[in-house]
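Colleague: here is the input, now give the coordinates:
(one chain, ligands or ions: 1)
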Amino acid sequence: MLVPEASVKSFYNFLKEKKIMGTKCRDCGEIYLPPRPLCPRCIKSNLEWVELEGKGKLVAFTSIAVAPTHMLNAGHSRDNPYVYGLVKLDSGPTISGLILVDAKNPEKVEIGTKVTAEFIKRDDRVILGFKPS
Ligand SMILES: [Zn+2]
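Modeller: Below is the predicted model of the structure:
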């Protein structure tokens, strides 16, 4: 079996298959997302791939009105902001992604909201998003 390199690139390739893949240290059990090839706690590369369920809680977010180029190309602007945030997955690790809520009314978004992963196709790649469960 061909084992992909534990990297951010592999993470994005797995998103195309609608999989959130991290690496888990076989020694201490820590899960890394995006995947790492080395456990910084054990200083060992005894890790394995694990698929993580796309369920978690929103722990931080921001509404972005001044967008980078790839988000401008996706139709966002000062008049069409988007929300980006951090989600702590039920399996442990925290990952960033688009938060699929009404970005024009960010005061309605609450920390602790349960969210589910969405795989969003953008041009030739897939990015991770989360919508309230
Ligand atoms: Zn470890």
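Colleague: same question for stretch 123-133, mean pLDDT?
Modeller: Throughout stretch 123-133, pLDDT has a mean value of 93.
Colleague: not counting the lowest-mean-pLDDT helix or strand in the chain itself, show me its contacts.
Modeller: When each helix and strand of the chain is scored by mean pLDDT, DSSP states H and E, helix 69-73 comes last, with a mean of 90. Defining contact as C-beta atoms under 8 Å, 6 or more residues apart in numbering, one finds that helix 69-73 is touched by Ile64, Tyr82, Arg122. Using the backbone N, CA and C atoms, a C-beta is placed for each residue, glycine as well.
Colleague: for the last one, what are its contacts?
Modeller: Going back to what we said before, that points to Arg122. Taking C-beta under 8 Å, 6+ apart as the test, what Arg122 contacts is His70, Ala74.
Colleague: what helix or strand does Ile120 sit in?
Modeller: Per DSSP states H and E: Ile120 is located in strand 114-122.
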